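Student: Provide a 3D model corresponding to the input given below.
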Amino acid sequence: MRQRLIYLAKVYLLTAVVFIAAKVVFMLVNSEGHTFTAGDVWDVICHGFTLDLSTSLYLLIFPFVIALASLWWDNQKWQSLILRIYYALIATALMLAFIADTSLYSFWGYKLDGSCLQYLETPAEMRASVSGFYMAIRLIILFLGTYALWWLYSHIRLWSKKPQNNTAATIIDLLLIPVFIVGIRGGLDESTTNIGQVYYSQNQFLNHSAVNPVFNFFESFEKTVSEIVEYPFFDDAKCQALLKDCYPTESILTDTLLNTQRPNVVIILMESAGEVFSKAMPRLQQLKQEGITFDNCYGNTYRTDRGTVCTLSGYPSFPTMSVMKMANRAAALPSIARTLQHEGYATSYLYGGDINFTNMRSYLIATGWEKLHWKADYTNKEQKSAKWGVRDDITFQTLFQQICTADTARHFLMGYSTLSSHEPWDVPKTRRQGDRETRKQGDFDEIQNAFSYLDDCLGNFVTQLKATPYWDNLLIVLLPDHGINYKTFDETRQERNHIPLVWIGGAVKSPRHITTFCNQSDLAATLLGQMGLPHHDYRFSRDVLSSNYTRPYAFHCYNNGFSMVDSTGFTVFDLNSQQMIVGDNQSAVTLGKAILQTTSQDLKQLQ
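Tutor: A predicted model of the protein is given here:
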């Protein structure tokens, strides 16, 4: 019996040590943009240790069962073979988790979770973000790391014989089961083991480093499977009181911004083009001076599938849920396309990538977009012009041709998502003098260059359109689908989600700056209000130009957290630790909780 206990203890401790080593590697690999000391590494290990121990117990269950069975089944050859197979499986699983977690963090800014599974449905889109060399290195690390872990587990010595008293040994083993249960649930208190227990710092990178990626994945996967995550912070009456006057659904206007209530409309979602890249986009800055600019607009979310729904349907985002991937619920959403379709508009959408990605095709068709033009409609050469699909200069030209050849008997609404300003930033280098100097200095920034390229494509497109008669009755809406983490700009920085929202075209009456705080999801109600159309079914989209818009703020969701910004400042609340990590405005947190509770309840009822 003693030999079996020693064996189990060694497996348990080895697993815990592996988790600790993975934390250190995670911090070193993702150190760019994050300052930490050796003391911080030690703190991360200490604060994350309880979660590592709990997760290690999960992985110890199978060896425990084999050790228990061996008390009555004396065949060490088969016992050893079964355990070696198990070691191979968990070694592979652990290395996959460590590599995915460490590699994806630089792109996502949050820990490995169940959302990564969506990319398994479209592996080509996953590969588009990285180079072949990048993948090859990680495959080599996966193979070598898996073998090393398997070797370490396999060299833990097994028991050599059966105990003299099988019954007594079995009883002792069975008494260990409550130890497993208590250890896995994290003690005897009401709260069970959770991610929040390892959070200890105002520095989110340190908190994320302390989180066990295996535990985080399975906890988030459980939420993903359940589909709708609810946030029952308050009773319904209090929640309604907190949100009173927050979401008016009618427009009361004293002036208008457009020359006509029936312009032709083009909505361009510029991939990831937050305001942090404004210096790389001078032509966009010039367009701001020519049109209507919403100076204090903020993105609702952090991913394309979510941001597309926020923009086109005026619907909110959620910390862990993608409405676009909930086909039945997404089909029930209001949309700018469906509303204008009822007004006789022809609707079409252009995207140079795979329009099946994250259920995009289903969402667009269900919400009123009549014609879809995507990667498959281009030549094989054009499809391979960029990792994600057809390069932006090509698709901008397609959009220009579509505008110029549109049926003049009908007004039109065209949607367009760019894609080139995305990892791996594989765009032509800009030809600006500043960029040439930067390249000479050896400090060329490929991310900034990608946005300079997008800016050139946009500027050339607008210049072409201005020379045509189609410009006069045209309203072009420019905004990103979301912002991204860039250098020190992460979810703890207000600038991270500050986005440009610009209206340009001949339909614009005169240049104007709107300074009211708002979200990208407010585009729907604001646009429809300017067109004199009702928007009662857009329950969470606000006409920011209406006189009844009296509670201006911007609300943003990121992975298991949210932020609020208004005239009083910026606040970030982490849902894992249930604490503010930026700011001290409790009223903002209370309002944010009420928004989450109300919107998630609305989503659950949406059919």
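Student: going forward, measure contacts between C-alpha atoms and count neighbours the same way
Tutor: Noted.
Student: which residues of the stretch 101-250 of the chain fall in helices?
Tutor: All helices of the stretch 101-250 of the chain, identified by DSSP state H, counting those that start in this stretch, fall at 123-128, 132-154, 166-174, 177-185, 204-210, 213-226, 236-242.
Student: Let me have those helices in CSV, adding mean neighbour count and distance to Asn264 as columns.
Tutor: Converted to CSV, the helices of the stretch 101-250 of the chain look like this (neighbours: other CA atoms under 10 Å; distance: least, CA to CA, whole Å):
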stretch, mean neighbour count, distance to Asn264
helix 123-128, 15, 32
helix 132-154, 15, 43
helix 166-174, 14, 73
helix 177-185, 15, 58
helix 204-210, 24, 45
helix 213-226, 17, 39
helix 236-242, 14, 38
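Student: if we compare those, which one ends up closest to Phe36?
Tutor: When the helices of the stretch 101-250 of the chain are compared by CA to CA, helix 204-210 sits nearest Phe36, at 8.2 Å.
Student: Please put the alpha-carbon coordinates of the closest one into PDB.
Tutor: Extracted C-alpha coordinates of helix 204-210, given in PDB (Å, rounded to 0.1, in the frame of the first residue of the first chain):
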ATOM      1  CA  GLN A 204      -3.700  41.700 -15.600                       C
ATOM      2  CA  PHE A 205      -0.700  40.000 -17.200                       C
ATOM      3  CA  LEU A 206       0.400  38.700 -13.800                       C
ATOM      4  CA  ASN A 207      -3.100  37.500 -13.000                       C
ATOM      5  CA  HIS A 208      -3.400  35.700 -16.400                       C
ATOM      6  CA  SER A 209       0.100  34.100 -15.900                       C
ATOM      7  CA  ALA A 210      -1.100  32.700 -12.600                       C
END
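Student: what helices or strands is that helix leaning on?
Tutor: Under the contact criterion of 3 or more CA pairs under 8 Å, 6 or more residues apart in numbering; DSSP states H and E, the helices and strands touching helix 204-210 comprise helix 2-29, helix 38-69.
Student: what separates the longest one from the chain centre, distance-wise?
Tutor: Same thing as helix 38-69. Relative to its chain's centre, helix 38-69 lies at 28 Å (CA atoms, centre = their mean, to the nearest Å).
Student: between that helix and helix 2-29, how many degrees?
Tutor: Here helix 38-69 runs at an angle of 150 degrees relative to helix 2-29 (axes from the mean of the first three to the mean of the last three CA atoms, to 10 degrees).
Student: For helix 38-69, buried residues please.
Tutor: By 16 or more other CA atoms under 10 Å, the buried positions in helix 38-69 come out as 41, 43-45, 47-57, 59-60, 63-64, 66-68.
Student: ok, now the first one?
Tutor: Along helix 2-29, these residues count as buried under the neighbour rule (16+ other CA under 10 Å): 3-4, 7-8, 11-12, 14-17, 19-20, 22-24, 26-27.
Student: and the helices of the stretch 101-250 of the chain as CSV, adding mean pLDDT and distance to Phe444?
Tutor: Supplementary listing: the helices of the stretch 101-250 of the chain in CSV, determined by pLDDT from 0 to 100; distance: least, CA to CA, whole Å:
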stretch, mean pLDDT, distance to Phe444
helix 123-128, 62, 22
helix 132-154, 92, 20
helix 166-174, 66, 62
helix 177-185, 73, 49
helix 204-210, 87, 26
helix 213-226, 68, 33
helix 236-242, 95, 49
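Student: Out of those, which gets nearest to Leu533?
Tutor: helix 236-242 (26.5 Å).
Student: now the next helix or strand after that closest one: mean pLDDT?
Tutor: Under the assignment DSSP states H and E, the closest C-terminal helix or strand after helix 236-242 is strand 264-270. Strand 264-270 shows a mean pLDDT of 98 in the predicted model.
Student: cool, stretch 519-538 as well?
Tutor: Here stretch 519-538 scores 97 as its mean pLDDT.
Student: Equivalent analysis for stretch 543-551, please.
Tutor: The average pLDDT within stretch 543-551 is 96.
Student: Start and end of that stretch, how far apart?
Tutor: Taking CA to CA, to the nearest Å, the first and last residues of stretch 543-551 lie 11 Å apart.
Student: Now do the buried residues in it.
Tutor: Asp543, Val544, Leu545, Ser546, Asn548, Tyr549, Arg551.
Student: isn't the first one right up against Gly529?
Tutor: Yes. Shown here, Asp543 and Gly529 form a contact pair, counting by CA atoms under 8 Å, at 6.5 Å.
Student: Report the set of residues contacting both of the two.
Tutor: Overlap between the neighbourhoods of Asp543 and Gly529 consists of Glu250, Ser251, taking contacts as CA atoms under 8 Å, 6 or more residues apart in numbering.
Student: To what extent is Phe357 buried, counted in neighbours?
Tutor: When neighbours are defined as other CA atoms under 10 Å, Phe357 has 18 of them.
Student: mind checking pLDDT for it?
Tutor: Taken from the predicted model, the pLDDT recorded for Phe357 is 82.
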